[in-house]
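**Q** Sequence isn't available, so here's the structure alone:
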């Protein structure tokens, strides 16, 4: 599975969009991009995933560049409850059996 | 629907003692795994299983044993605990097909003195 690079920390004003970048320059053609978050010391929570196209769900949007070497998770209207560590992971869906989480980005939403 | 259940939530051991962290899921997931999380290290995969009778090593398997006798359960065994195994342990499961979203338990905090 390809490795990912994320900034260690970011701040975002409450109500503003939070844009969390992820670099995955060695991603293969069949590897998906997944995003999870971990609030305080709870177990990580799935947010969204995608292969090539941009994706949106009730939690967030995922923008993947055309060359697939990077992606951005967008929380459209950040709230204090979005303060968490966000992990970007790439893996082969269904057949890839190992999720490697790395150290993620610690997002702090500021009132 | 309980999801992924881990027990115990907290445990203190002395060096050299053995113990088992329990993990059970009620979602009929084929895949189960164990992670440990240490400050500044993120989550690291210890062992995983893709079905009953099948287990494999992750990034940091040394000092840990696993077995998978049923679909529902995936216990993690520490045969001789060491202070370096002080950590928070998370169990996770998923379906092998579909999106492969991982569902996590609430974690087990282990301290080895």
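**A** Received the coordinates, thanks. All of these numbers come straight from a predicted model, not from anything done at the bench. Numbers count the residues shown, from 1 in each chain, chains lettered A, B, ... in the order given.
**Q** quick one, longest strand in chain B?
**A** Among the segments of chain B that qualify as a strand by DSSP state E, the longest is strand B:42-51.
**Q** List the residues that contact the closest residue to residue B:51 other than its chain neighbours.
**A** Leaving aside its sequence neighbours, residue B:51 sits nearest to residue B:30 (C-beta to C-beta, 6 or more residues apart in numbering or on different chains; 5.0 Å). C-betas here are computed from N, CA, C, even on glycine. Under the criterion of C-beta atoms under 8 Å, 6 or more residues apart in numbering or on different chains, the neighbours of residue B:30 are B:50-51, B:71, B:95-96.
**Q** thinking again about what came up before, buried sites along the longest strand of chain B?
**A** B:42-49 (16 or more other C-beta atoms under 10 Å in any protein chain shown).
**Q** That strand - contacts with which helices or strands?
**A** Contact analysis of strand B:42-51 by 3 or more C-beta pairs under 8 Å, 6 or more residues apart in numbering or on different chains; DSSP states H and E lists strand B:31-38, strand B:54-57, strand B:65-66 as its packing neighbours.
**Q** rerun at 7 Å
**A** Applying 3 or more C-beta pairs under 7 Å, 6 or more residues apart in numbering or on different chains; DSSP states H and E, we find strand B:42-51 packed against strand B:31-38, strand B:54-57.
**Q** secondary structure class for the nearest residue to residue B:76 once chain neighbours are set aside?
**A** Once its chain neighbours are removed from consideration, residue B:76 has its nearest residue in residue B:21; the separation is 4.4 Å (C-beta to C-beta, 6+ apart). When classified by DSSP: H, G, I helix; E, B strand; the rest coil, residue B:21 comes out as strand.
**Q** So what touches the longest strand of chain B?
**A** For strand B:42-51, the external contacting residues (C-beta atoms under 7 Å, 6 or more residues apart in numbering or on different chains) are A:97-98, A:100-104, B:30-37, B:55-61, B:64, B:66, B:68, B:74, B:76, B:90, B:96.
**Q** residues in chain A within reach of chain B, list them.
**A** Within chain A, the positions adjacent to chain B are A:41-44, A:46, A:49, A:93-94, A:97-104 by C-beta under 7 Å from any C-beta of the partner chain.
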